[in-house]
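Chemist: Take a look and give me a structure for this.
(2 chains)
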Amino acid sequence: MRQLNRLLAAGRTDQNKVLNFTFNGKDYQGVAGDTLASALLANGIDVVGRSFKYARPRGIFGHGPEEPNAIMQIGSGASTIPNLKATQVELYEGLEAASVNGWPSVNFDIMGLIGAFGRLMPPGFYYKTFMYPKKLWMTYEHFIRKAAGLGSSPVESDPDSYEKLNQHCDVLVVGAGPAGLVAAREAARTGARVIIADEQSEFGGSLLASTQLIDGLSATQWVADITKELGAFSNVQRLPRSTVFGYYDHNFLAILERRTDHLGISAPSGPRQCMHRVRAAQVVLATGAFERPLVFAHNDIPGVMLASSVSTYVNRYGVAPGNRLVLAVTNDNAYQTAIDWYHTGRTVVAVVDSRTAPNGVLVEQVRALGIQILEGHGLIEAVGSKRVRKALVAPINEAGSEVTGSVQSLVCDLIASSGGWSAAIHLSSHTGAKPVWDASVVSFRPGESKQQERSAGACKGTFGVLDGLIEGANAGAEAAKLAGFGEGQVQFPTPLIDQIIEQPQQALFLVPHSKTTSRAPSQFVDFQLDVSAAGIELAVLEGFESVEHVKRYTALGFGTDQGKLGNINGMAILAKALGQGIAETGTTIFRPSYTPTTFGAIAGRDINHLFDPERYTAMHRWHVDSGAEFENVGQWKRPWYFPQVNETMQQAVDREGLAVRNSVGILDATTLGKIDIQGPDAAEFITRMYTNSYLKLAPGKCRYGVMLKEDGMIFDDGVCACLSENHYLMFTTTGGAAGVLSWLELWQQTEWPELQVYFTSVTDHWATATVTGPNARKVIAKVCQDIDLASESFGFMDWREGTVSGVAARVFRISFTGELSYEVNVPAHYGRYIWEQLIEAGAEFNITPYGTETMHVLRAEKGFIIVGQDTDGSMTPADMNMDWVVGKNKAFSFIGKRSLERSDSVRENRKQLVGLKTLDPSAVLPEGAQVVNDPNQPIPMSMQGHVTSSYYSASLGHSIALAVIKGGLSRMGDTIHCPAADGSSIAAEIVSSVFYDPTGARQND
Amino acid sequence: MLLIYCPNCLEYREEEEFSYGGEAHIARPLNPETLSDAQWADYLFFRTNPRGIHHEMWYHATGCRRYFNATRNTVTYEILETYQVGTQPQITGTEA
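Modeler: Numbering: from 1, shown residues only, chains lettered A, B, ... in the order given. Modelled structure (predicted):
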């Protein structure tokens, strides 16, 4: 395939290295150093996508992150990336690219039909049209997405790896254009640790496309020299292909380094991308500027580009994207594009300047080349469909507000425009600095610094290269000094470069048309989302005034280019429509990310098994070997149930539960939180935290307690044991352990520092095996000889120290099953040994390991609550029918006590914990089911409460459920209903929450 | 990502080591039972939520496990000082 737009002058590319690539399934060739965009232009590809709303054909418009049209899906399969800008994708051999917006193909006009009805799609169209009926939104959205094209994510997991790197530096320089390079050099020579990052493949920024001489060298040679100079400093880290995409609090910045994306779709070795998380003492922002296109009718036809982009393709990539150029300008600066184009040997038809009598240096150079300059003219409309064919130009008045003469037609195939430059203030804006409009440069400037940063060069509104170099050097020296290095004086001589004196530019954004804006052909402001000047005016007519509202209503700047191209034009058109200045209108806030960032880089290595720590008990391997299914409880892996061959979960749970009720079972209870509490005020402190009192709890005794938050709502529960005088062991729920410890520390440290009490988490120090069931005592008796196990001497809620299978152990008679239970605690590294000893000792009683599911069923049979399942942060002890656990006469007003008397806590009709027994004994209520009195009541029904726990109980032979129901404790015997989404309903009787052994005879045995 | 100086560890550490503890200097009433519901609710639920200077508790959860106080500007997120529980801030007022 011939690259008909490839020039002989190669720029920064290597024309000897040919690279093959495909675009929308067709084969093309580019050269090394190309971006995908320059390669497409070299091949004369005009249409690269379709617009979002009207499906208009669109071509490459820019040359960097401002590109709104050339949005590509790169690669296929597991490594594919959607929504990359062709201007930022470096070409490599075998690259596959496809337009994301252009279903079913960019050259076929299925949505063009809609485009024909463009006037029927005003701003807010989607809000106005597709909102109702609501349930159809999904259908609409699917169609809109497919037609608009938002790219597609890979469905397989990513084969590449990504890194995260935490870094500190003294001076971070963002951008390696002229200002950034000299800033880094000045900072580097002071000895400060410097990082300089630039999003492009090589350092140099705008100089890579410059024809100016610096220090007598070509700009690119000067860049190469200073880049090498920086590399010689051991205290400098150079990061090309690295986008600083976010500036966060306290000088924390995030950099996405693309390490291998230029080599292929998948990393040949090592990580594909690296996220640098940098804490910088000082920051120099040298992020440059974006050229602003002029807004005119049909300015979106392929072949319309930014002036600086045309120059960049010519000078840097050796590509001339057309033959006959018409250049529309409001300033001297863009005349360079006419000069650059002239030297390609192709035709400059005319320069259309909105100003009268321009006579700057560049203007005169262009005039000397014999190029026609139409002064006081505007380029009011582009003509063409899939490529520009003509430009309509007309004289305009001095204010640039209306056409004053007859329209003239210029035959051309390329229109370049420049409405001046907009400083890239994004990163300073991330810090909260409020941008300031500066009419003298027709741009926003960064606002007053909120952090340790300063801007230099074009991103500060200083658009001349020489001024930028001076500013950059000063910024680098200043930043280093404030970071503690050097004296703040610039060391290196200012590079020698011709300063080009420019005449004032005109602040023109929207070029007037012979027709009014609302009647003229679409004048696009935001190409990605098809926002036109008329749309912004209409939004104002409909009453929108705030820039933030207009932005949301019209979707201005909502595309993946985030308005880098169109936002300022949009603000200016809005300001004019509101009859006020741009300064009063203001700009929208820029937020991270500056450009889109891959999820892979954000996640780094924190995926799969490294996503969250997993905690295992000492017995874990035994559970795995025994075929346990596991459940996540917090970070713990707990056995859920132990299925035997061909057993379903229900069958396993039935078997395990019956074994506990009829003989003996064993549970790994290691994960329960354990906090060791010591100190002379320990008992007092614990008594303030729990609802009941521990002041008289003697060594060897345990007590169950409930902990409230100060609002009176249950927060955690568990048993607390007195180990010896001034020494306690507090058990917490598995999931609540960390929170309870922080809670204790909070109160001790901030409210009662006078109490002498100390807390240590000992959860991981101990392994716990719970032996429970009528045969539990016989099992323990076989392995423990030094504890008198007789009920009279070692009763329920006692604990004893002793030896189990030769290991020093603490044995607690605590029961969560309602059966005779011994919780054997041993130092964690004996866990597996003790577990196996108990299994062996229990063999003759067919001791059965059981998991959390059976534990839940057994406790529900007893009506024991699980905090967080039967409670939800809005339940008091009274709501749980647990008034007995509240010490009404405690001297100290324990945490939460006062709140139990609040009017809302004592009101009638609070939801209360009850049992539910389904009328059909085999029907198991869904947990979370809503409870109503009358299932035939029209929707919305009167809700009475909900089911919190529900199981089939094998030992009782019917299903059981716990529920919280309004006034439930006084509704015993009532029948309620639980309607399901499918229209069915299950009826149940309200009963006591204690289904099994209500007197507690079995656990007290 | 704030950088926070722990007055107990005596060094700057990353925000992820800390957790936020809410407004500081709110003493628990000594005799809650003597308070009206409104007074108790004021202690329990109502916070100043200022724009500007805010005195707040932080907890060095994965460090020394000590609570401390910080004076922070809620607009700029600048942390103007950190100080021990039980001591008073040097910087007061509403604006930074």
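
Chemist: residue contacts, the closest residue to chain B within the stretch 701-850 of chain A?
Modeler: At 4.7 Å from chain B, residue A:749 is the closest residue in the stretch 701-850 of chain A, using C-beta to the nearest C-beta. C-beta coordinates here come from the backbone N, C-alpha and C atoms, glycine included. Going by C-beta atoms under 8 Å, 6 or more residues apart in numbering or on different chains, residue A:749 touches B:66, B:67, B:85.

Chemist: Tell me the confidence at the second one?
Modeler: Taken from the predicted model, the pLDDT recorded for residue B:67 is 98.

Chemist: Settle this for me: it is touching residue B:21, isn't it.
Modeler: Yes - counting by C-beta atoms under 8 Å, residue B:21 is a contact partner of residue B:67 at 6.0 Å.

Chemist: Neighbour count: the two, which is higher?
Modeler: Looking at residue B:67 and residue B:21 with other C-beta atoms under 10 Å in any protein chain shown, you find the greater number of neighbours at residue B:67, namely 23 against 20.

Chemist: Contacts only, for that one.
Modeler: A:745, A:746, A:749, A:750, B:21, B:57, B:58, B:59, B:60, B:85 are the contacts of residue B:67 under C-beta under 8 Å, 6+ apart.

Chemist: which phi and psi does it have?
Modeler: phi -80, psi 150 (degrees, to the nearest 10).

Chemist: Just give me the neighbour total for residue A:359.
Modeler: That count, for residue A:359 with other C-beta under 10 Å as the rule, works out to 11.

Chemist: Residue A:261 too?
Modeler: 24.

Chemist: do you know how far the closest residue to residue A:729 other than its chain neighbours is from residue A:677?
Modeler: Leaving aside its sequence neighbours, residue A:729 sits nearest to residue A:721 (C-beta to C-beta, 6 or more residues apart in numbering or on different chains; 4.8 Å). For residue A:721, the distance to residue A:677 (C-beta to C-beta, to the nearest Å) stands at 10 Å.

Chemist: Now the common contact residues for the two.
Modeler: By C-beta under 8 Å, 6+ apart, the residues touching both residue A:721 and residue A:677 are A:728, A:729.

Chemist: SS state for the one residue in the stretch 51-200 of chain A that gets nearest to chain B?
Modeler: Residue nearest to chain B within the stretch 51-200 of chain A: residue A:166 (8.5 Å; C-beta to the nearest C-beta). Three-state call for residue A:166 (DSSP: H, G, I helix; E, B strand; the rest coil): strand.

Chemist: Does it touch residue A:277 like I think?
Modeler: Yes - applying C-beta under 8 Å, one finds residue A:166 in contact with residue A:277, separated by 5.0 Å.

Chemist: Which one of the two is surrounded by more residues?
Modeler: Between residue A:166 and residue A:277, counted using other C-beta under 10 Å, residue A:277 has the larger neighbour count: 18 against 10.

Chemist: Was I right to think residue A:680 contacts residue A:726?
Modeler: Yes - counting by C-beta under 8 Å, residue A:680 touches residue A:726, with 5.5 Å between them.

Chemist: who's more crowded, the two?
Modeler: Between residue A:680 and residue A:726, residue A:726 has the larger neighbour count (other C-beta under 10 Å), namely 15 against 11.

Chemist: Surely that one touches residue A:685?
Modeler: No - using C-beta under 8 Å, residue A:726 is not in contact with residue A:685; the gap is 10.7 Å.

Chemist: Tell me the residues of the stretch 851-1000 of chain A that contact chain B?
Modeler: A:893, A:897, A:898, A:899, A:901, A:902, A:903 (C-beta under 8 Å from any C-beta of the partner chain).

Chemist: can we see that at 10 Å?
Modeler: A:893, A:894, A:895, A:896, A:897, A:898, A:899, A:901, A:902, A:903, A:904, A:905 (C-beta under 10 Å from any C-beta of the partner chain).

Chemist: May I ask which helix or strand encompasses the fourth one?
Modeler: The reference is to residue A:896. Using DSSP states H and E, residue A:896 falls within no helix or strand.

Chemist: any idea how far chain A is from the residue of chain B most remote from its centre?
Modeler: Largest separation from the mean C-alpha position in chain B: residue B:34, at 26.8 Å (C-alpha atoms, centre = their mean). According to C-beta to the nearest C-beta, to the nearest Å, residue B:34 stands 10 Å off from chain A.

Chemist: Show the contacting residues for that residue.
Modeler: A:893, A:898, B:40 (C-beta atoms under 10 Å, 6 or more residues apart in numbering or on different chains).

Chemist: residue of chain A with the smallest distance to chain B?
Modeler: Shortest chain A-to-chain B distance, computed as C-beta to the nearest C-beta: residue-wise this is residue A:898, at 3.6 Å.

Chemist: Which parts of the stretch 601-750 of chain A are helices?
Modeler: A:620-625, A:649-662, A:682-689, A:737-750 (DSSP state H, counting those that start in this stretch).

Chemist: try chain B
Modeler: Counting by DSSP state H, chain B has helices at residues B:37-45.

Chemist: cool, the stretch 201-350 of chain A as well?
Modeler: Under DSSP H, counting those that start in this stretch, the stretch 201-350 of chain A gives helices at A:219-231, A:307-315, A:335-342.

Chemist: winner for burial among those helices?
Modeler: Ranked by mean neighbour count, the helices of the stretch 201-350 of chain A are led by helix A:307-315 with a mean of 27 (mean count of other C-beta atoms under 10 Å in any protein chain shown).

Chemist: then that one to PDB, C-alphas only?
Modeler: Output in PDB follows, covering the C-alpha atoms of helix A:307-315 (Å, rounded to 0.1, in the frame of the first residue of the first chain):
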ATOM      1  CA  ALA A 307      -2.800  24.300  12.700                       C
ATOM      2  CA  SER A 308      -0.100  23.000  15.100                       C
ATOM      3  CA  SER A 309      -1.200  19.500  14.300                       C
ATOM      4  CA  VAL A 310      -0.600  20.000  10.600                       C
ATOM      5  CA  SER A 311       2.900  21.400  11.500                       C
ATOM      6  CA  THR A 312       3.600  18.500  13.800                       C
ATOM      7  CA  TYR A 313       2.700  15.900  11.200                       C
ATOM      8  CA  VAL A 314       4.800  17.700   8.600                       C
ATOM      9  CA  ASN A 315       7.900  18.400  10.800                       C
END
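
Chemist: got a list of what the spatially most central residue of chain B touches?
Modeler: The centre of chain B sits closest to residue B:56, judged by C-alpha atoms, centre = their mean, with a distance of 1.4 Å. Residue B:56 makes contacts with B:20-25, B:47, B:69-72, B:74, B:79, as judged by C-beta under 10 Å, 6+ apart.

Chemist: any idea which helix or strand carries the closest residue to residue A:78 other than its chain neighbours?
Modeler: Using C-beta to C-beta, 6+ apart and skipping the chain neighbours, the partner closest in space to residue A:78 is residue A:156 (3.9 Å). Per DSSP H and E: residue A:156 is located in neither a helix nor a strand.

Chemist: what about residue A:156, how many neighbours?
Modeler: 9.

Chemist: show me what contacts residue A:848?
Modeler: By C-beta under 10 Å, 6+ apart, the contact set of residue A:848 is A:642, A:652, A:655-660, A:662-667, A:773, A:839, A:842, A:854.

Chemist: What sits closest to residue 83 if chain neighbours are left out?
Modeler: No chain was given, so I picked chain A. residue A:151 is the one closest to residue A:83 (C-beta to C-beta, 6+ apart), at 4.4 Å.

Chemist: hm, I was asking about chain B
Modeler: residue B:69 (5.3 Å).

Chemist: all strands of the stretch 101-250 of chain A, in order?
Modeler: A:162-174, A:194-197, A:213-214, A:217-218, A:236-239, A:242-248 (DSSP state E, counting those that start in this stretch).
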